[in-house]
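A.B. asks: no sequence for this one, just the structure:
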Ligand code: PEP
């Protein structure tokens with residue numbers, strides 16, 4: 001079994017126009033001049049800041065990702081951005097199916113699947129988000145909900161293609177709330193997801209797929225989460241908006257890996 005690579009990904013959400021992006025990234029580069037090759041680092045600014053981010057991160061160890069894409073190649077889809085456009089802009093990653101997109105923009109599992117497949121076709125790594133609501137956890141349906149999301153998101157993705165997919169487990173109740181899953185809760189769900197992946201593919205494939213955790217991860221709680229054996233990194237919202245805390249998270253991952 002190959003060693004899984006840590007991934008620290010910053011989801012800026014609807015924060016940071018081009019000038020703010022430049023400032024934040026200059027601060028980050030200043031704080032993290034070199035990044036261990038054992039940790040992949042990506043920032044996902046809003047679409048309009050991707051160009052600025054790619055420019056500012058040229059010759060750095062930090063990669064650029066987008067927060068969404070549309071699965072069609074081009075055409076009459078006002079407001080949408082294609083995977084090929086992201087490639088042309090210098091993106092290597094894209095977040096797919098974030099719970100905020102599912103909730104506010106009615107993204108279905110089917111749409112998430114189409115977007116993930118398109119990212120793979122265009123050789124961008126999709127970070128496919130899954131996670132349960134607070135009610136679903138209270139009702140004890142969280143494992144089934146997440147199983148279903150994983151299965152539907154990965155429909156028709158082959159056993160070689162899946163190796164270039166990252167899964168992000170993001171319990172909705174922990175996103176932007178300051179509430180974090182306990183390390184045990186995160187590990188338990190990551191193991192659950194990995195066993196679903198083993199059913200969909202096989203054990204060896206499942207053990208090679210990165211599963212990262214998202215939900216109020218910050219320097220104060222990152223170490224206990226990232227030291228869980230099945231937690232392969234973090235998708236970070238709030239704490240990615242400050243150079244200091246994002247740099248600290250990268251350093252914590254470097255020290256563990
Ligand atoms: C996210 O948006 O993916 C996220 C995890 O946000 P936060 O870290 O702010 O909870």
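C.D. replies: In hand now; what should we look at? In this text the structure is predicted, and so the values were computed from the model without any measurement.
A.B. asks: make it CA atoms for all contacts and neighbour counts henceforth
C.D. replies: Noted.
A.B. asks: burial count for the residue of the stretch 1-150 of the chain found nearest the ligand?
C.D. replies: Ranking the residues of the stretch 1-150 of the chain by distance to the ligand (Cα to the nearest ligand atom) places residue 11 first, at 5.6 Å. Other residues within reach of residue 11, judged by other Cα atoms under 10 Å, total 26.
A.B. asks: surely it and residue 43 touch.
C.D. replies: Yes. Residue 11 lies in contact with residue 43 (Cα atoms under 8 Å); the separation is 6.5 Å.
A.B. asks: returning to that earlier point: give the contact list for the residue of the stretch 1-150 of the chain closest to the ligand.
C.D. replies: 43-45, 67, 235-237, 240 (Cα atoms under 8 Å, 6 or more residues apart in numbering).
A.B. asks: can you measure across stretch 228-239, start residue to end residue?
C.D. replies: End-to-end span of stretch 228-239 (Cα to Cα, to the nearest Å): 20 Å.
A.B. asks: residue 191 reaches residue 228, doesn't it?
C.D. replies: No. With contact defined as Cα under 8 Å, residue 191 does not count as touching residue 228 (10.2 Å).
A.B. asks: in stretch 149-161, what counts as buried?
C.D. replies: Of the residues in stretch 149-161, those buried under the neighbour-count criterion (16 or more other Cα atoms under 10 Å) are 149-155, 157.
A.B. asks: cool, stretch 237-247 as well?
C.D. replies: Within stretch 237-247, the residues scored as buried using 16+ other Cα under 10 Å are 237-241, 243-247.
A.B. asks: and what of stretch 196-203?
C.D. replies: For stretch 196-203, the buried set under the neighbour-count rule, 16+ other Cα under 10 Å, comprises 196-197, 200-201.
A.B. asks: what does stretch 39-58 give?
C.D. replies: Residues of stretch 39-58 classed as buried under the neighbour-count rule (16+ other Cα under 10 Å) are 39-47, 49-54, 56-57.
A.B. asks: farthest-separated two in the buried residues of stretch 196-203?
C.D. replies: Using Cα to Cα, the two most remote members of the buried residues of stretch 196-203 are 196 and 201, lying 8.5 Å apart.
A.B. asks: show only the entries of the contacts of residue 11 found in strands.
C.D. replies: When strands are assigned by DSSP state E, the members of the contacts of residue 11 inside them are 43-44, 235-236.
A.B. asks: the residues you listed also near the ligand: which ones?
C.D. replies: 235-236 (Cα under 6 Å from any ligand atom).
A.B. asks: now do stretch 87-94: everything it contacts.
C.D. replies: Residues external to stretch 87-94 that are found in contact with it (Cα under 8 Å, 6+ apart): 42, 44, 50-51, 54, 63-69, 119, 122-127.
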